[in-house]
Structures are given as structure tokens and as C-alpha cells.
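S.K.: One predicted model, sequence on top.
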Amino acid sequence: MYIDTHCHLDFPEFDQDREAVIKGSKAQGIDFLVNVGASLKSSGDSLELAKKYPFVYASIGIHPHEADRFNAEDEKKLRAFAQSEKVVAIGEIGLDYYRNFSRPENQKPLFLALLKLAKDLNLPLVIHTRQAENDTLEILKKMQPISAVVHCFSGDTQFLKACLDLGFFISFTCNITYKKAEGLRQAVAQAPLERIFLETDAPYLAPEGLRGKRNEPINVKYVAAEIARVKGVSAEEVARATSENAKNFFKLK
Ligand SMILES: [Zn+2]
């Protein structure tokens, strides 16, 4: 059993064959999908997908890239979406100083507003952070206690330790299979299996050997295989443990 805890099947890359990809994932052993909203529109679309397929759940949020456009009306709409029992988390939310598509001074208020929403609704968080680890930690420490997963982990082992100390989960994508990803594999080695989720971030980050192609939930198996190789355990054990983690965290059933 596998769970893809972070994919974007609402994105236009899947417009031609969305239904086939979703049904195919289930047929090939992916038990649950968490489709993650990155904007108000994609949060609404995620919820629609979750309502349509019993094994698909939605996380709703607004990516830091969208921060310059965020307003109070968006927050109200997200709050309304979150009333559905198919919404299992708030995210992806966070800070991104790598691309800086939105200004950092706008990213922080958005992050704080949606953290508050998650706390009000008692929902766990899906965190996106890229080259913004210190600011992210500073904000999250003030919001304790919170339940969070750091998605598409890209930090160093010091950041990893800080996240683990706060009780957060760590989610790894297919980029751990890349030839140059030694740093990420070190993080895989140091993160205990009880704190790891599997994800693809599809359509992005297809695994080594398929780079440049569209990523799909089925490729979560490559993530499990790589974690198994690094840790010296079986892929079945990785699948079992990470699925248990994700089921408890998102309350999937
Ligand atoms: Zn994502």
C-alpha cells in the first residue's frame, strides 16, 4: 500500500487524461491521494476532485508565490471550503525566497493568516519552504503546538533536526533519486521512518530516468525504493510505515 501525500492533479498538465491517471493510480496500488491546492482556484479544484473520488482527499492553501495577490476575500473562501470533510489539511503554505515570485513582506502575512486558519479549524499543515528555513522555523515555533509536514524537503540536516525536534513530519519526493542529491539522501538517512511521508509533487519532479517527463502518483514507488535502499530496509516496510504515518496525520479512511 502506498499513499501519494502531495500531488497537483488539478493542474492543466492532467487536463487530457485526469480520470485515467487517478483511476490508474488506484489500480496500481496507490491507496490514497492527497491533492494539494496552491491557489484559491486550485484549492477549489482540489476539493472538487476529492468529492468525486472516495480515495482522493484535499489540502487547501495558497502558495507563497501567490502572496502578492492574496486578500481577505480569499481567506473567507478557503474557510468555507474547509467545512468539507474531504479537506484534511491546510497547505501548501509557507515561504519561498528562492524564486521570490511574490515579495517576502507579502509572503509572511499570508503564511500567518493561513496558519491561524489551520489552528482555528484544528487541521494539520502542509509546509512549503525554499531557502527560507530560518524565517519558517521562527514563525512555526511561535505557533506551537501544531501538526505539520515539511513537503518536498530541501533543507540541510540542521534544518531537518529542528523540524524533527518540533515533532514535524518530513515528506520526500522523487528528487531524492537524482544523481546529485547526496544531501537529500543524507536527510533520508537521518529522518526516522516513523516521521516520513512519500509524495510526488506531480506533475513536477519526475524521478531519475524519467526526468523532463510529467510526474505521476504511481512514481511514489521510486521514492519508497530509494528510501529503502538508503536505510537498508525493504520497500514494503517503507510503504507500510509511511502509509501508517500519513493515514494518522491526515485522518484518511
Ligand atoms: Zn506542491
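M.R.: Great, that's in hand. Numbering: from 1, shown residues only.

S.K.: need the longest strand for this protein.
M.R.: strand 87-96 (DSSP state E).

S.K.: For the stretch 151-253 of the chain, which segments count as helices?
M.R.: 157-165, 182-190, 220-231, 235-250 (DSSP state H, counting those that start in this stretch).

S.K.: Distance to V88 and mean pLDDT added to the ones you listed, as CSV?
M.R.: Where C-beta positions appear, they are placed from N, C-alpha and C, glycine not excepted. Converted to CSV, the helices of the stretch 151-253 of the chain look like this (distance: least, C-beta to C-beta, whole Å; pLDDT from 0 to 100):
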stretch, distance to V88, mean pLDDT
helix 157-165, 20, 96
helix 182-190, 25, 97
helix 220-231, 17, 98
helix 235-250, 4, 98
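
S.K.: Nearest to I3 among these would be which one?
M.R.: Comparison of the helices of the stretch 151-253 of the chain against I3 by C-beta to C-beta identifies helix 235-250 as nearest, at 4.6 Å.

S.K.: Could I get the average pLDDT for the longest helix along the chain?
M.R.: Ranked by number of residues, the top helix in the chain under DSSP state H is helix 104-121. In this model, helix 104-121 has a mean pLDDT of 94.

S.K.: What are the buried residues along it?
M.R.: Using 16 or more other C-beta atoms under 10 Å as the test for burial, helix 104-121 gives 107-108, 110-111, 113-115, 117-118.

S.K.: Alpha carbons only: can I get that helix in PDB?
M.R.: Provided in PDB are the C-alpha atoms of helix 104-121 (Å, rounded to 0.1, in the frame of the first residue of the first chain):
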ATOM      1  CA  PRO A 104       8.800  38.400   1.200                       C
ATOM      2  CA  GLU A 105       6.900  41.100   3.000                       C
ATOM      3  CA  ASN A 106       3.700  39.800   1.500                       C
ATOM      4  CA  GLN A 107       4.600  36.100   2.000                       C
ATOM      5  CA  LYS A 108       4.700  36.400   5.800                       C
ATOM      6  CA  PRO A 109       1.200  37.800   6.300                       C
ATOM      7  CA  LEU A 110      -0.300  35.200   4.000                       C
ATOM      8  CA  PHE A 111       1.600  32.400   5.900                       C
ATOM      9  CA  LEU A 112       0.400  33.800   9.300                       C
ATOM     10  CA  ALA A 113      -3.200  34.200   8.100                       C
ATOM     11  CA  LEU A 114      -3.400  30.600   6.900                       C
ATOM     12  CA  LEU A 115      -1.600  29.300  10.000                       C
ATOM     13  CA  LYS A 116      -4.300  30.900  12.000                       C
ATOM     14  CA  LEU A 117      -7.000  29.300   9.800                       C
ATOM     15  CA  ALA A 118      -5.400  25.900  10.400                       C
ATOM     16  CA  LYS A 119      -5.400  26.400  14.100                       C
ATOM     17  CA  ASP A 120      -9.000  27.700  14.200                       C
ATOM     18  CA  LEU A 121     -10.100  24.600  12.200                       C
END
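
S.K.: now for the helix or strand following it, which elements pack on it?
M.R.: Sequence-wise, the next helix or strand downstream of helix 104-121 (DSSP states H and E) is strand 125-130. Secondary-structure packing of strand 125-130 (3 or more C-beta pairs under 8 Å, 6 or more residues apart in numbering; DSSP states H and E): strand 87-96, helix 133-142, strand 148-150.

S.K.: Go again with 7 Å.
M.R.: strand 87-96, strand 148-150 (3 or more C-beta pairs under 7 Å, 6 or more residues apart in numbering; DSSP states H and E).

S.K.: For the ones you listed, give me a markdown table that also has mean pLDDT and mean neighbour count.
M.R.: Putting the helices and strands packed on strand 125-130 into a markdown table (pLDDT from 0 to 100; neighbours: other C-beta atoms under 10 Å) gives the following:
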| stretch | mean pLDDT | mean neighbour count |
| --- | --- | --- |
| strand 87-96 | 96 | 26 |
| strand 148-150 | 98 | 27 |
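
S.K.: circling back to that earlier point, which one of the helices of the stretch 151-253 of the chain lies nearest to I90?
M.R.: Here helix 235-250 is closest among those (C-beta to C-beta), at 11.5 Å.
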